[in-house]
Structures are given as C-alpha cells and as structure tokens.
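J.: missing the sequence, but the structure's below:
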C-alpha cells in the first residue's frame, strides 16, 4: 500500500450553476431552536455526521443562525477539493485562525498560498525524505528504549513526544527538550477541544467571558505562540543557517522580492509544529490502540519486520518492504482519521451534485463518515489491513479514502508522515506487544482531531 494508491483520479467538476433544474439541498432533521444542529454535533458528532448520507449526497445544516451545507458522497468531496469555486475557509478554519494565524500555508488562499507552497515543498520532496531517515530511526528506537518491559505507557504523552521531536529535529534542526514536547501536548489538547466547541456552537461573545474553560483555552493558546517565538528567536540568536525548513522561511521573499514578514514566519512555524504534530501524534495513539486490540496483526507486523530486517533494528531502508505494516497504518487512518471534519467556502454561486450552492456558503464534510460508509467498504467497520492489497484497493470508490486530501490543498508532508508512522509502528511492534491496563480509556475524544481519551498500555516483550 502506498500513499499514491489511495489518490484516485479527478471525478469531474460540478454542474453549471446556471442550470435551471438545480435543487436546494434537503434540511437534515433534528435541528433545535437557536442552536440548530449544533447540539447534535456537540453531543455525538461522529454518529451525526455518519448518518447524514441517508438524507442525501448534499444536505443543509443549521449551526446557530448559519446555514451550512454538508457533503456526504466521496465523489463530491473530491470535486469540492479540486474546484476553484471553493476555497479554504468556513467554521473550521475560522476557529483555527487563533492558533494558525491568517498568514500561514494552512489557512492562506490564492497567490500567497502558492508562494508558500513553493517555499516549503522542497523540504517534503520524495528525494528529501531519506535525509530524515537517521533522525526518524533514532527517535523511533529511543521511544521503545524508554519503555520498561511490563511497564505502563502513557500513549498520549509518548506519542506527542516522538511526533514533536521528529518534526523539530528534521524540519527545524533543533534538539528540543522533552519539556517542550510535553508543553505542546498539553496545550494542543486544550486548544483543539476549545476550537471544536467554537466551531459547532458559534456563541461569539460568550467565549470571551472569564469562565474557567475560556481561561484555560486562552492560557494554552498563549503558551503555544510563546513556544514558537522561542524557537525562532533561538535560531536567529545562534547565527546558524542549516539546510532546513526554518532557514528557508527566514530567507524567503514575498512577491515583491522583500523578506516575508515576522507574522508570516511565526504562522508558518506554527503550521509546521502544531497541526502536523497533533495529527501524527493522534495517529500513533490509534496505532497503539490497534496493536493492543488486534494482537493477530501485531504478531503479523512483528513477523514481517523480522523477515525484512533479518533480526536487525528496523531502519528507514526497510520501510518500503514492510507491506503489511504500511497497510496497518493506512487502515488505522481509515477507521480513525485524525482530521475527521473539514470545511470550505463557496467563492461564487456554484453547484455541487445537482444542488445550488450560493456564494459565501460554508461547506462541511467528514473524512470519518466517508471512510466508514458501508456503500464504499465491505465490512466497513472491520479492521482489515488486507483491504489495501493492490487487488482489493481498486475496489474502493474514488475519494472514499484520501488521507492527505487532494489538489492544491494536498498535505505536502504525506510521504514524510507515512514514513515515520510506518517506521514507528515497525519499531514498537518488533519489541513489544500491548494490553490495556486499569484506568485506560480508548473511547474517542472528539475535538478538531480525534484521539483516544486516555490510552494506557502495558508494554510486554515478545
């Protein structure tokens, strides 16, 4: 299984908005006064989003006073991502602006976004990934070396630690202390949960009142930005210019040939460290949960690693040969995608799936719901890595599995992320099997991303 094999072809463009027989999407049931569907999105968002396709390929939702259009069919999410009539914007991105800012690659649109992509893309080219191999190997094995046989692993802190350290050492060339990784982990947990609430229940001024949850959110957000300022200031003070992404940002020019502004540098570093660390760490947590819940696949990964490496420590050069390991990673991302909800905004009056979408409308879709849809997958809720073997992967409908999105918003770090996820999975499976311990809670914590509530595992040697 490769990243490319789940990036299908363009499904086509939406219908012409001038077509007279365009319809208004149906309104989803269950709206309540004032909050609309926001209450359902707070109480059980995954079930709510997963049930929307029963009402149509495009449906209307009410979030407070706003009308939002939900897209539920895989082909239409592909058309949405590829059509220039829709841009990165809407409730999700508005809620993220307090973290990511307005000048980073994650939230920018148009010429600024294209320029920023050109700046960061060299760091993630396929031929650049081998240069990160030694750091990924070192951090993956350091992770397992910290664990004591028979001891309890706090999967949240350990997953964040390895994700942050790999990102910082590979892309910012900094040996940042574990204390910073721990700060980032705690801050992100608070910030991403608060941002989700602000997205689905847009109560505006109420979030500025000095309630305990609001104060905690503001403290965590301020500390995240302080952390980024520390990293940039340390690099400048050092006078060093290693060949890394941070140097590229500090030397980048805008469209007029002038150095980019301080705010853009800050927002770009935030985009490197925070969403990437959050999504990779969340995926590592789910992979650990999978290894504990499916010991047959943990054993199969261990056997594959031993066969490929000949009993030596697994390294970067082995990753491409670890077929089942890679498929375990992809299947974990299918069932438990870190990014489970995305939004876009219509730039102009347009159409999607035969429905009229007005200019300025917000559109939402859920990779979680799409990737678990029984219309797209046989035994859709089963954990089945073999569904990504070449002869079976072609059965998956277009855009029913796009873990790194598509088009000009495709995640630039797809190969980087897949490599570290497969390498970490191989390294921990070669050394340990896992079981949950008392106090562990692997139920899903819903925020802007998905992760287990409090996953605690016992690491047992084979």
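T.: Done, it's in. Please read all numbers here as calculations on a predicted model, not as lab measurements.
J.: contacts, neighbours, all on C-alpha from now
T.: OK.
J.: now do the same end-to-end measure for stretch 451-462.
T.: Stretch 451-462 has an end-to-end distance of 27 Å (Cα to Cα, to the nearest Å).
J.: Identify the residues contacting it?
T.: Outside stretch 451-462, the residues within contact range by Cα atoms under 8 Å, 6 or more residues apart in numbering are 147-156, 282-283, 285-286, 289, 292, 338, 431-437, 439-445.
J.: Please identify the buried residues of it?
T.: For stretch 451-462, a neighbour-count test (16 or more other Cα atoms under 10 Å) marks 451, 452, 454, 455, 456, 457, 458, 459, 460 as buried.
J.: Next: stretch 256-276.
T.: 260, 264-276.
J.: circling back: only whichever of the contacts of stretch 451-462 are buried, select them in ChimeraX.
T.: Selection of buried members from those for ChimeraX, criterion 16+ other Cα under 10 Å:
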select :147,149,152,153,154,155,156,282,283,285,286,289,292,338,431,432,433,434,435,436,440,442
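J.: What residue, apart from its backbone neighbours, is nearest residue 247 spatially?
T.: Among residues not flanking residue 247 along the chain, residue 241 sits closest, at 5.7 Å (Cα to Cα, 6 or more residues apart in numbering).
J.: what secondary structure does that neighbour sit in?
T.: coil (DSSP: H, G, I helix; E, B strand; the rest coil).
J.: Check the burial of it by counting its neighbours.
T.: The criterion is other Cα atoms under 10 Å. On that basis, residue 241 has 14 neighbouring residues.
J.: likewise residue 235?
T.: The number of residues near residue 235, taken as other Cα under 10 Å, comes to 18.
J.: how close does it get to residue 247?
T.: 9 Å.
J.: Below-threshold pLDDT in the stretch 151-300 of the chain: ranges please.
T.: For the stretch 151-300 of the chain, the stretches flagged by pLDDT under 70 are 174-179, 181-182, 196-197, 199-203.
J.: Helices of that one, start to end?
T.: Secondary structure of the stretch 151-300 of the chain (DSSP state H, counting those that start in this stretch): helices at 155-171, 178-200, 212-238, 245-250, 262-293, 295-309.
J.: Which of the ones you listed sits closest to residue 350?
T.: helix 178-200 (24.1 Å; Cα to Cα).
J.: State the distance from the nearest residue to residue 172 once chain neighbours are set aside to residue 290.
T.: Using Cα to Cα, 6+ apart and skipping residues adjacent in sequence, the residue nearest residue 172 is residue 246, 5.3 Å away. The gap separating residue 246 from residue 290 is 35 Å, by Cα to Cα.
J.: Let me have the helices of the stretch 151-300 of the chain in CSV, extended by distance to residue 319.
T.: Listed next are the helices of the stretch 151-300 of the chain as CSV, based on distance: least, Cα to Cα, whole Å:
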stretch, distance to residue 319
helix 155-171, 16
helix 178-200, 26
helix 212-238, 31
helix 245-250, 24
helix 262-293, 16
helix 295-309, 9
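J.: Of all these, which one comes closest to residue 375?
T.: Across the helices of the stretch 151-300 of the chain, closest to residue 375 is helix 262-293 (Cα to Cα), at 23.9 Å.
J.: could you give the angle of the closest one to helix 155-171?
T.: Per axes from the mean of the first three to the mean of the last three Cα atoms, to 10 degrees, the angle that helix 262-293 makes with helix 155-171 is 130 degrees.
J.: And helix 262-293, how far out from the chain middle?
T.: Distance, stretch centre to chain centre, for helix 262-293: 7 Å (Cα atoms, centre = their mean, to the nearest Å).
J.: all strands in the stretch 1-150 of the chain, in order from the N-terminus.
T.: 58-63, 66-71, 86-88 (DSSP state E, counting those that start in this stretch).
J.: Describe which strands the second one pairs with in its sheet and in which direction.
T.: Yep, that's strand 66-71 we're talking about. Strands adjacent to strand 66-71 in the sheet, as given by DSSP bridges, are strand 58-63 (antiparallel), strand 362-365 (parallel).
J.: Nearest approach to residue 355 belongs to which of the ones you listed?
T.: Residue 355 sits nearest to strand 58-63 of all these, at 7.4 Å, using Cα to Cα.
J.: From the chain's centroid, how far away is that closest one?
T.: Centroid displacement of strand 58-63 relative to its chain, using Cα atoms, centre = their mean, is 24 Å.
J.: What's the mean pLDDT across that strand?
T.: For strand 58-63, the mean per-residue pLDDT is 93.
J.: And residue 142, how far from residue 420?
T.: According to Cα to Cα, residue 142 stands 14 Å off from residue 420.
J.: in the sheet, who's paired with the nearest residue to residue 363 once chain neighbours are set aside?
T.: Nearest in space to residue 363, with sequence neighbours left out and distances taken as Cα to Cα, 6+ apart, is residue 69 at 4.6 Å. Counting by DSSP bridges, residue 69 is bridged to residue 60, residue 363.
J.: What's the local residue count around residue 69?
T.: If you count neighbours by other Cα under 10 Å, residue 69 ends up with 24.
J.: go on, residue 229?
T.: Residue 229 is flanked by 15 other residues according to other Cα under 10 Å.
J.: doesn't residue 268 make contact with it?
T.: No: between residue 229 and residue 268 there is no contact under Cα atoms under 8 Å: 11.6 Å.
J.: ok, now which ones touch residue 35?
T.: By Cα under 8 Å, 6+ apart, the neighbours of residue 35 are 62, 63, 64, 65, 201.
J.: can you put the strands of the stretch 1-150 of the chain in CSV and add distance to residue 348?
T.: Shown next, in CSV, are those (distance: least, Cα to Cα, whole Å):
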stretch, distance to residue 348
strand 58-63, 18
strand 66-71, 15
strand 86-88, 8
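J.: Tell me which of the ones you listed lies nearest to residue 366.
T.: strand 66-71 (8.1 Å).
J.: Give the buried residues for the closest one.
T.: By neighbour count on 16+ other Cα under 10 Å, the buried set for strand 66-71 is 67, 68, 69, 70, 71.
J.: gap between residue 347 and residue 78?
T.: The gap separating residue 347 from residue 78 is 17 Å, by Cα to Cα.
J.: can you check residue 152 too?
T.: 42 Å.
J.: again, but for residue 65
T.: Distance, residue 65 to residue 78, using Cα to Cα: 28 Å.
J.: What of residue 443?
T.: 30 Å.
J.: what does residue 306 give?
T.: For residue 306, the distance to residue 78 - Cα to Cα - is 39 Å.
J.: Between the two, which has more neighbouring residues?
T.: Higher neighbour count among residue 306 and residue 78: residue 78, with 23 against 16, using other Cα under 10 Å.
J.: was I right about the more buried one contacting residue 410?
T.: No: assessed by Cα under 8 Å, residue 78 is found out of contact with residue 410, at 11.4 Å.
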